[in-house]
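Peer 1: Need coordinates for the following:
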Amino acid sequence: MSEKRVKTVFACGECGATSPRWMGRCPGCGAWNTLAEERAIKPPTGRAGRRGRAVAPVALGDVGGENDARISTGLGELDRVLGGGLVEGSVVLLGGEPGIGKSTLLLAALSSLTARGHACLYVSAEESAAQVALRARRLGGEGMQELRLLPTTELEDLESALEAASYSVVVVDSIQTLRSSALTSAPGSVGQIREVAGRLLDRAKRDLSSLILVGHVTKDGSLAGPKVLEHLVDTVLTFEADASQAYRLLRADKNRFGPSFEVGVFEMAGDGLHEVDDPSALFLAERPRGASGSVVLPSAEGSRALLVEVQALVAPALYGAARRVASGLDAQRLAILLAVLDRKAGVHVLDQDVFASVAGGARVFERATDLALAVAIVSSFRDRPLAQGLAVFGEVGLAGEVRAVPRAEARVREAQKLGFERVILPRANLERSALADIKGIELDPVDTIEQTLERI
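Peer 2: Reported below is the predicted structural model:
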């Protein structure tokens, strides 16, 4: 009797879509050369395929809130991004470029948690025990000596360790290098990531332990592996930085237990990451005085207001078509603002090279950046510096109108805290909020982009 042939499928490494045969382009996401051969696992059918007891529906009002307890990591910036701390039974996915400080951040958090009596496990699937210990000695910390370490690449070893002891927080570094012996595919493949993540997620929900998964990123900065991994977890954090800067930004792109798009700021030093208590002062520390094309923007990232410097440089287009280059800003919004300035404000810059950026390597993509960016472009085009104590924010519409933006009061108060004397803002924000009660700073409301340029 001949041996039964093992069925295989071709799975996309970007979106996880499967195909019975190899194709050059993924039928799901359209990416090229991302299909890889995987072993197909046929799910059990009938009564034998059912796991455990049947679950009966319950009234929502009868469901308790036992899973909403927060565990502080001891790092204020990390707790801010998480929405107040780790939630029991939650799964967090942390992504970032190699060497940016993901392991350093998590080791510092686990050290603080262990020092306060929490049982923590660090699963090192990429580094040996000696390498992790060397970094731990450099970082120091009260609870570093008691932190439990498991250097393995096998999922079954981790499951055995979780069966033998109970842990409040478990960190897996990284999810792409952990594999299950039940599958023959290589670590990091779609099948392995789905299997490993699914089994760990089930255990975290059952044991009410907080699970943190570290993920690699691709060349374009997105998390590697199937997109379904981001849908399975409760929180997705992104660790980002400019290679020329010492500080790091931690962002929450998804959070089921708190606000998303929160930002935490850290500074990398020889002894690890340090929290930055006043990020606005850091971003404006090197702002030049009397330079044209420089505008301070009070941005609102999550529940925090940050002051950043928006810079623009306008130069004659000497070679071919005019160029538009944006760093840390939305390039499409830049093109739209140039058209609005040309048609609605009489500032003819469409034939000029325009370069725009957020100083310090920060990234700001909210619509409140529009007015500050437009003012910076005109300031550079006319070579006229702005007042040092001026801050600008507001959304600019296609008709040249200046529209209201959310959290205007927090933006104004942050500018006032750093000594700014005047803020140009949308008139609708002044009429709808309690901004009129703020004393000690001049609020200058505007209705159109043309009126804004006249006021400045």
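Peer 1: Where does pLDDT dip in the stretch 101-250 of the chain?
Peer 2: By pLDDT under 70, the weakly predicted segments of the stretch 101-250 of the chain are 218-228, 242-245.
Peer 1: where do the helices sit along it?
Peer 2: For the stretch 101-250 of the chain, the helices defined by DSSP state H, counting those that start in this stretch occupy 102-115, 129-139, 155-164, 190-207, 228-232.
Peer 1: most packed of these?
Peer 2: Mean neighbour count (mean count of other C-beta atoms under 10 Å) peaks for helix 102-115 among the helices of the stretch 101-250 of the chain, with a mean of 23. All C-beta atoms are positioned from the backbone trio N, CA, C, and that covers glycine.
Peer 1: same for it, what does it pack against?
Peer 2: Helix 102-115 sits against strand 91-96, strand 120-124, helix 129-139, strand 169-173, strand 210-215, strand 272-275, with contacts defined as 3 or more C-beta pairs under 8 Å, 6 or more residues apart in numbering; DSSP states H and E.
Peer 1: what's next to the first one, contact-wise?
Peer 2: Here strand 91-96 makes contact (C-beta atoms under 8 Å, 6 or more residues apart in numbering) with 82, 86, 102, 105-106, 175, 200-201, 204, 210-217, 223, 229-230, 232-240.
Peer 1: Would you mind writing the CA trace of it as PDB?
Peer 2: Output in PDB follows, covering the C-alpha atoms of strand 91-96 (Å, rounded to 0.1, in the frame of the first residue of the first chain):
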ATOM      1  CA  VAL A  91      -1.100  40.000  24.000                       C
ATOM      2  CA  VAL A  92       1.200  42.800  22.900                       C
ATOM      3  CA  LEU A  93       3.200  42.800  19.600                       C
ATOM      4  CA  LEU A  94       6.300  45.100  19.600                       C
ATOM      5  CA  GLY A  95       8.000  45.800  16.300                       C
ATOM      6  CA  GLY A  96      11.000  47.800  15.300                       C
END
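Peer 1: for that strand, the distance to its chain's centre please.
Peer 2: Its chain's average C-alpha position is 9 Å from that of strand 91-96, according to C-alpha atoms, centre = their mean, to the nearest Å.
Peer 1: list the buried ones in stretch 11-29?
Peer 2: Across stretch 11-29, burial judged by 16 or more other C-beta atoms under 10 Å covers 11-18, 26, 28.
Peer 1: Can you tell me which of those is nearest Gln388?
Peer 2: Set against Gln388, the nearest of the buried residues of stretch 11-29 by C-beta to C-beta is Glu14 (47.2 Å).
Peer 1: Please identify the deepest-packed of the helices and strands packed on helix 102-115.
Peer 2: Stretch with highest mean neighbour count among those: strand 210-215 (a mean of 26; mean count of other C-beta under 10 Å).
Peer 1: What is that one packed up against?
Peer 2: Here strand 210-215 touches strand 86-87, strand 91-96, helix 102-115, strand 169-173, helix 190-207, going by 3+ C-beta pairs under 8 Å, 6+ apart.
Peer 1: Now distance to Val375 too, for the ones you listed, in JSON lines please.
Peer 2: Compiled in JSON lines, the helices and strands packed on strand 210-215 are given as follows (distance: least, C-beta to C-beta, whole Å):
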{"stretch": "strand 86-87", "distance to Val375": "42"}
{"stretch": "strand 91-96", "distance to Val375": "33"}
{"stretch": "helix 102-115", "distance to Val375": "36"}
{"stretch": "strand 169-173", "distance to Val375": "44"}
{"stretch": "helix 190-207", "distance to Val375": "46"}
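Peer 1: From Glu286, how far off is Met268?
Peer 2: In this view, Met268 and Glu286 are 17 Å apart by C-beta to C-beta, to the nearest Å.
Peer 1: let me fix that: Ser260
Peer 2: Counting by C-beta to C-beta, the gap from Ser260 to Glu286 is 30 Å.
Peer 1: Could you list the residues in contact with stretch 328-335?
Peer 2: By C-beta under 8 Å, 6+ apart, the list of residues contacting stretch 328-335 from outside reads 310, 324-326, 354, 356-358, 361-365, 367, 369-370, 373.
Peer 1: Return the alpha-carbon coordinates of it using PDB.
Peer 2: The C-alpha coordinates for stretch 328-335 follow below in PDB (Å, rounded to 0.1, in the frame of the first residue of the first chain):
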ATOM      1  CA  GLY A 328       8.300  63.000   8.600                       C
ATOM      2  CA  LEU A 329       5.300  64.600   6.800                       C
ATOM      3  CA  ASP A 330       2.600  63.500   4.400                       C
ATOM      4  CA  ALA A 331       4.000  64.100   0.900                       C
ATOM      5  CA  GLN A 332       0.500  64.200  -0.700                       C
ATOM      6  CA  ARG A 333      -0.600  66.900   1.800                       C
ATOM      7  CA  LEU A 334       2.500  68.900   0.800                       C
ATOM      8  CA  ALA A 335       1.500  68.800  -2.900                       C
END
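Peer 1: so how far is the longest strand anywhere in the chain off the chain centroid?
Peer 2: When the chain is scanned for its longest strand (criterion: DSSP state E), the result is strand 304-316. Distance, stretch centre to chain centre, for strand 304-316: 21 Å (C-alpha atoms, centre = their mean).
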